[in-house]
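Visitor: I would like the atomic coordinates for the input below:
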Amino acid sequence: MSVPNKFSFVNPNKFPFFYGYIVLFIGSIGVLASIPGQTVGVSVFTDPVKDALGLSRNQFSNAYMFGTLLSAFFVSKAGILFDRFGARYVAFFATLVLGISLLLCAVSVQISEGLKTMLNVNTWLIPFGVMCVLFFFIRFSGQGVLTMASRNMIMLWFDKNRGKVNAISSITVSLGFSSSPLVLNYLIENHGWERSWQILAVCLFIFSFGILQLYRNKPEDFNLVPDGVKKTIKKVVDTPKKAVKDFTLIEAKKTRGFWMFGLTLAFNSFFATGFTFHVVSIFATQGYSKAHAIAIFIPISIIALSVSTFCNILSDYINHKIYLYVMLGGGVLASCGLLFLSHPMGVYALVAGLGLLSGLFAVINAVTWPRYYGRLHLGAITGKVMSFLVIASAVAPSLFSYCFSTFGSYSYLGYMALAYLLFLIVGALVVKNPQ
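Guide: Just a heads-up that it's a prediction; the model follows:
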């Protein structure tokens, strides 16, 4: 970028310490700011919003699916924009779009009724179409672009300490995501779902100013280097450094690791999204209240936090293929837990499996991509992977919903999940680091 400090009063070169730590802080907050566009942020609104719009659970889930699927086609393009314009502007506009979308979500009932009056029709297709469009915008800007830009920015500012730094970020993000259902549920119960979305939108508009002030694309824009170690000619001459190849997206797609890691992350996105979106209904089938259902995120987050912290610290020294195997094992555990949810051990298996999946997702989705494929085309590569995650999260709520409405239980999704995981386990046996 020709003017990396434009519109900002903050100059990274004038900080008494490495500016990457500011990037770590604000980037982690940026991931948390995407919560209204994440499934964990939408799920708490599911029941009151669908009832207010007069939609069934299947109809609301399908609106979520179509809106999310549509956003998947644009997320990979956003990764290319990240490589071209950097995290700062991409995250700024994504935050504005997310905030505006939440304001429109808050008046979705009025929009639907207005369209019914204008068209002189009274059909569920009107609120269904409205929510498809709104889900597209909040999923694209929140789950897709803002998350990708914030996470990639942190990874670009660190190299040797990338795992340790991601451990710190993961702790912040895990605590925020795990507590968000409780916070959002409190907002809805005290202010209603419409006002809650408006409050979140105002917070996002305020945060967008913070993005302009504190987000920075990469250390090289300020004659700095990752980890804050000053680059000198002496070090370049006297200390030979192993060359790291920067893979293009096309080159990365030719490696088995890209697909195995990407499809494993997609499984986590599918399973976690379907579970989170219908968590109240899933546990209601076993006689649990809404409060008990939401509270299950606490033990899941404790496991995820422990796993991500430990594995992030080790990620600078360990073969990431091991993480792939452990994550697949967590998927098997979670699938078996859903399959035998009526048994108490099934609940424990589900919690443990989801904790492992979530913990390792935070490691692999942040650290593995630059470790395997370099930094130069990180936006394009992670943007493509993000499209996998978005597609998986799009179909999950509808599949979970149809499974329940057809068979009267969510447990049968476990069979499909186990079959998919078996395919990944076989394919992952020969994964190698392309570096």
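
Visitor: roughly how far apart are Phe25 and Phe423?
Guide: With the distance defined as CB to CB, to the nearest Å, Phe25 ends up 40 Å from Phe423. Just so you know, the C-beta spots here come from the backbone N, C-alpha and C atoms, and that holds for glycine as well.

Visitor: Between the two, which is the more surrounded one?
Guide: Set Phe25 next to Phe423 and count neighbours by other CB atoms under 10 Å: Phe25 wins out with 15 against 10.

Visitor: Helix or strand: which one has the more buried one?
Guide: helix 20-33 (DSSP states H and E).

Visitor: if I pick the residue nearest to Leu249 when sequence neighbours are not counted, what's in contact with it?
Guide: Leaving aside its chain neighbours, Leu249 sits nearest to Ala380 (4.3 Å; criterion: CB to CB, 6 or more residues apart in numbering). The contact partners of Ala380, by CB atoms under 8 Å, 6 or more residues apart in numbering, come to 76, 79-80, 82-83, 248-249.

Visitor: Same check on Ile22?
Guide: 12, 15, 214.

Visitor: can you check Ile26 too?
Guide: Ile26 is in contact with 210-211, 214-215, counting by CB under 8 Å, 6+ apart.

Visitor: roughly how far apart are it and Ala94?
Guide: Counting by CB to CB, the gap from Ile26 to Ala94 is 14 Å.

Visitor: what helix or strand does the closest residue in space to Ser405 that isn't next to it in sequence sit in?
Guide: Spatial nearest neighbour of Ser405, excluding adjacent residues (CB to CB, 6+ apart): Asn58 at 6.0 Å. If you go by DSSP H and E, Asn58 is part of helix 57-85.

Visitor: next one: phi and psi at the residue nearest to Leu249?
Guide: Per-residue torsions, Ala380: phi -60, psi -40 (degrees, to the nearest 10).

Visitor: Quickly note the distance from it to Ala78.
Guide: With CB to CB as the criterion, Ala380 and Ala78 are 10 Å apart.

Visitor: Same check on Leu104?
Guide: 20 Å.

Visitor: With neighbour numbers in mind, choose between these two.
Guide: Ala78 (25 against 17).

Visitor: residue contacts, that one?
Guide: 90, 94, 140, 144-145, 148-149, 383.

Visitor: hang on, the earlier thing: can you tell me the average pLDDT over the helix holding Phe25?
Guide: For helix 20-33, mean pLDDT rounds to 95.

Visitor: Would you mind listing the buried residues in it?
Guide: By neighbour count on 16 or more other CB atoms under 10 Å, the buried set for helix 20-33 is 20, 22-24, 26-33.

Visitor: how about those in a markdown table, adding distance to Ser178?
Guide: Formatted as a markdown table, the buried residues of helix 20-33 follow (distance: CB to CB, whole Å):
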| residue | distance to Ser178 |
| --- | --- |
| Gly20 | 26 |
| Ile22 | 25 |
| Val23 | 24 |
| Leu24 | 20 |
| Ile26 | 21 |
| Gly27 | 19 |
| Ser28 | 14 |
| Ile29 | 16 |
| Gly30 | 18 |
| Val31 | 13 |
| Leu32 | 11 |
| Ala33 | 16 |
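
Visitor: quick one: least confident helix or strand in the chain?
Guide: Lowest on mean pLDDT, DSSP states H and E among the helices and strands of the chain sits helix 233-238, with a mean of 44.

Visitor: Which helix or strand lies directly C-terminal to that helix?
Guide: Taking DSSP H and E, what comes next after helix 233-238 is helix 249-252.

Visitor: other SSEs contacting whichever helix or strand comes after that next one?
Guide: Counting by DSSP H and E, the element after helix 249-252 in chain order, helix or strand, is helix 256-277. Helix 256-277 is packed against helix 39-42, helix 320-339, helix 344-363, helix 369-373, helix 378-407, helix 413-427, with contacts defined by 3 or more CB pairs under 8 Å, 6 or more residues apart in numbering; DSSP states H and E.

Visitor: Now helix 256-277: buried residues?
Guide: For helix 256-277, using 16+ other CB under 10 Å, the buried residues are 257-277.

Visitor: ditto for stretch 339-355
Guide: For stretch 339-355, by 16+ other CB under 10 Å, it's 339-341, 346-347, 349-355.

Visitor: now do stretch 359-374
Guide: So, applying 16+ other CB under 10 Å, buried residues of stretch 359-374: 359-374.

Visitor: Next: stretch 297-317.
Guide: 297, 299-305, 307-309, 311-316.

Visitor: which outside residues touch it?
Guide: Counting by CB under 8 Å, 6+ apart, 40, 160-164, 166-167, 170-171, 174-175, 177-179, 181-182, 323, 351-352, 354-356, 358-360, 362-363, 367-368, 371 sit against stretch 297-317.

Visitor: residues contacting the residue most central in space within the chain?
Guide: The chain has Gln143 as the residue nearest its centroid, 5.2 Å off, counting by CA atoms, centre = their mean. Gln143 is in contact with 34, 37-39, 68, 71, 389-390, 393, counting by CB under 8 Å, 6+ apart.

Visitor: Quick check: the farthest pair among the residues you listed?
Guide: Farthest pair in the contacts of Gln143 (CB to CB) is Ser34 and Thr68. Separation: 13.9 Å.

Visitor: Next one: the closest residue to Pro12 other than its chain neighbours from Ser8, what distance?
Guide: Using CB to CB, 6+ apart and skipping the chain neighbours, the partner closest in space to Pro12 is Tyr19 (3.6 Å). Going from Tyr19 to Ser8 by CB to CB gives 12 Å.

Visitor: neighbour count winner among those two?
Guide: The residue with more neighbours, out of Tyr19 and Ser8, is Tyr19; 20 against 16, by other CB under 10 Å.

Visitor: Look up phi and psi at the more buried one.
Guide: According to degrees, to the nearest 10, Tyr19 has phi -70, psi -20.

Visitor: need the contact list for it.
Guide: 12-13, 157, 216, 219, 222, 224.

Visitor: now Asn58
Guide: Counting by CB under 8 Å, 6+ apart, Asn58 has contacts 398, 401-402, 405.

Visitor: With Thr68 instead?
Guide: By CB under 8 Å, 6+ apart, Thr68 lies in contact with 135-136, 139, 143, 390-391, 393-394.

Visitor: Output those residues in JSON lines, with distance to Glu189 appended to each entry.
Guide: Listed next are the contacts of Thr68 as JSON lines, based on distance: CB to CB, whole Å:
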{"residue": "Phe135", "distance to Glu189": "23"}
{"residue": "Phe136", "distance to Glu189": "28"}
{"residue": "Arg139", "distance to Glu189": "25"}
{"residue": "Gln143", "distance to Glu189": "25"}
{"residue": "Val390", "distance to Glu189": "30"}
{"residue": "Ile391", "distance to Glu189": "33"}
{"residue": "Ser393", "distance to Glu189": "26"}
{"residue": "Ala394", "distance to Glu189": "29"}
